[in-house]
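A.B. asks: Quick one: sequence and predicted model below, then my questions.
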Amino acid sequence: MARIGLIEAENATPEVKEIYEKTLRGKPGNAQKALAHRPEMLKAFLPFYASVGRSLDRKLYEMIYLCVSFINGCHYCQQHHVASSKRVGLTAEDWKALKGGNYARFTEKEQTALAYAEKLTRVSRDITDADFEKLKKHFSDAEILDLHLLIGLANLTNRFTDPLGLKVEFPEEKI
């Protein structure tokens, strides 16, 4: 059970109801229902969330989000991104590899991004120029910025959803 109340549509302010209906097409998730306690944050967060990582390939985006969520043990984000990763071709074998930190099955570019996501998540203070040299072999500066923001966003949502006790809103996938 959620540790804070979730704002359902019938109890929402007109501003939140409009966001639920127009932006979320009538299907707010529990994360959005929690954010609705602060309508201005919900309104600002949704377009930010939608913009982060968009210079990256969508498959890599999902791999990064899952990698970070597995490291942090965030069940809510794992389930949401397992579901969306299916649409870009990731499989149960890919999820298992990501969960185990075994990136050998992925391309060199993907391995570089995943290793960086892991290091930034676990020991951000240890990032060096050598890490950037590896990134620059595969990514533009804009993509590196997006990679950083995506890793940060995943860490943020991992620390928001599970600690608040948010439940997954759909049938869960075995990982």
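C.D. replies: On my side now, so go ahead.

A.B. asks: which element is Leu6 on?
C.D. replies: For Leu6, there is no host helix or strand (DSSP states H and E).

A.B. asks: Contacts only, for it.
C.D. replies: Leu6 makes contacts with Asn30, Lys33, Ala34, Ala36, Leu166, as judged by C-beta atoms under 8 Å, 6 or more residues apart in numbering. Heads up, the C-betas are built off the backbone N, CA and C, glycines and all.

A.B. asks: measure Ser85 to Asp131 for me?
C.D. replies: Per C-beta to C-beta, to the nearest Å, Ser85 is found 25 Å from Asp131.

A.B. asks: higher neighbour count, these two?
C.D. replies: Each of Ser85 and Asp131 has its neighbours counted (other C-beta atoms under 10 Å); Ser85 has more, 22 against 15.

A.B. asks: Help me confirm that that one comes into contact with Asp94.
C.D. replies: Yes: Ser85 lies in contact with Asp94 (C-beta atoms under 8 Å); the separation is 7.5 Å.

A.B. asks: Give me the common contacts of the two.
C.D. replies: Both Ser85 and Asp94 are contacted by Met63, under the criterion C-beta under 8 Å, 6+ apart.

A.B. asks: and stretch 36-48, average pLDDT?
C.D. replies: Average pLDDT, stretch 36-48: 97.

A.B. asks: How far does whichever helix in the chain runs longest sit from its chain's centre?
C.D. replies: Counting by DSSP state H, the longest helix found in the chain is helix 141-161. For helix 141-161, the distance from its own C-alpha centre to the chain's C-alpha centre is 7 Å (C-alpha atoms, centre = their mean, to the nearest Å).
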